[in-house]
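# Quick one: sequence and predicted model below, then my questions.
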Amino acid sequence: MSLLTTNYLTPTGREEAWRFTPLKRLVGLHDLTTQVADRISLSGMNSLPTGVTLVTANAVDHPPAYASNDLITNRIREKIEKVLVLSIAKDLELTEPIILNRGCKDSPELSRVVIRAGVNSKSTVIIENVGGGVVGEEIEISLASGASLNFVSLQEWDRTAVHLAQHHAVLGKDAHFTSYVVSVGGSVVRINPTVEFTGAGAFADLYGIYFATDGQHLEHRIHINHGVANAKSRVNYKGALAGDAARTVWIGDVYIHKVAEGTDTYELNRNLLLTDGARADSVPNLEIETGEIVGAGHASTTGRFDDEQLFYLQSRGIPADIARRLVIRGFFAEIISKLKNESLEERLMSRIDDELAKVGQ
């Protein structure tokens, strides 16, 4: 079936949106001549509380709430017939997270997920991507007035996986959206977290961590669209790289419209290079059309491992491999600790330790 008319071409790598991405490794997800299955591979991992529903529905009954210029997203919208819809009732306050787990097949697939948080609801949704797979995905997240949603996306793939996704959040008045994107697996992972404000008083916190080792390509492209007055956003992404041809890309775009007076925004990206042969590209951008704002800024740093920290710990009798692991844990701890989930925090730290061990550090 077709939800729109195709007016885009297979990228060549010369396009700005694709110039960093290794197209030859995408297993045809970007190639409009390649057949890709329409499949929903996410499923609930725990029982759903009263007031929460998870259903598979016809795509035509759940049209997109926003326009996208992302090629993968538009390909998904054109091809898919079914969509997974997670709805959280108004005024519902959940103490336990809703967990969705992906079980992929060997063939490439396209998938669309819609998450709707009702008025004044409070909830946490965790999506676990594990194992192998080739996935093109759109996740549309809608927060009604006063809703609060913690959204956690875990890319803990095997080393063969390819994952291209857009996470788009639409925030109503006084809504609070907190996103955690964690990428520590896969061959190629490209995630586009985007935010659109539709009501004053809304607040978006976007956190991310990524760890790339030998040959991995991990790419995160953030875009925040401040189109209303008196909204606030914060972005904080941290990445580490170790091993030959480890590659990360971080693009941060914030657009403040002329009508968006009272905007308060800041974006930060920090990268830690642990070995020679690793490369991190970091490009923060701000476009501001009004001077009547609270604040707007960005910062980006990329640097080598701090040998002084390592020397300090070793001088206290800590072996070099343990000292290195402690420094890296400390680098990521600022963001991982915000999850406020002890088992999940330790699980991610253990995965980072495992990735570090693979490059012989």
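That came in fine, so what should we check first? Numbers count the residues shown, from 1 in each chain.
# Contact partners for the spatially most central residue of the chain?
For the chain, residue 181 is the residue whose C-alpha lies nearest the centre (Cα atoms, centre = their mean; 3.9 Å). Contact analysis of residue 181 by Cβ atoms under 8 Å, 6 or more residues apart in numbering lists 153, 155, 167, 191, 193, 206, 207, 208, 209, 210, 220, 237. The way it works is simple: take the backbone N, C-alpha and C, and place the C-beta from them, glycine included.
# Would you check that residue 135 makes contact with residue 40?
No. Contact criterion Cβ atoms under 8 Å: residue 135 and residue 40 do not qualify, at 11.0 Å.
# on that earlier part again, which of the contacts of residue 181 lies closest to residue 273?
Here the nearest of the contacts of residue 181 to residue 273, counting by Cβ to Cβ, is residue 210; it sits at 13.1 Å.
# Does the closest one lie in a helix or a strand, and which?
Per DSSP states H and E, residue 210 falls inside strand 203-212.
# Using CSV, write out every CA atom in that strand.
Extracted C-alpha coordinates of strand 203-212, given in CSV (Å, rounded to 0.1, in the frame of the first residue of the first chain):
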residue,chain,number,x,y,z
PHE,A,203,10.7,20.6,28.3
ALA,A,204,12.8,18.1,26.5
ASP,A,205,15.9,16.4,28.0
LEU,A,206,17.8,14.3,25.4
TYR,A,207,20.6,12.1,26.8
GLY,A,208,22.8,9.7,24.9
ILE,A,209,25.8,7.4,25.3
TYR,A,210,27.6,5.4,22.7
PHE,A,211,30.7,3.2,22.6
ALA,A,212,32.2,2.2,19.2
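# neighbouring strands for that strand, and are they parallel or not?
If you go by DSSP bridges, strand 203-212 pairs up with strand 176-183 (parallel), strand 232-241 (parallel).
# what does the average pLDDT come to for stretch 303-317?
The pLDDT scores in stretch 303-317 average 69.
# Any idea how far apart the tips of that stretch sit?
End-to-end distance of stretch 303-317: 26 Å, with Cα to Cα, to the nearest Å as the criterion.
# Renumber starting at 53 from here on
New numbering, starting at 53: the last item is stretch 355-369.
# Point to the helix or strand of the chain where mean pLDDT is at its lowest.
Every helix and strand in the chain was compared by mean pLDDT, DSSP states H and E; the lowest is helix 359-367, with a mean of 65.
# Could you point out which residue ranges in this structure have low pLDDT?
53-60, 358-366, 411-413 (pLDDT under 70).
# can we see that at 50?
The chain contains residues with pLDDT under 50 at 53-58, 413.
# which stretches of it form helices?
Secondary structure of the chain (DSSP state H): helices located at 123-131, 359-367, 372-388, 394-410.
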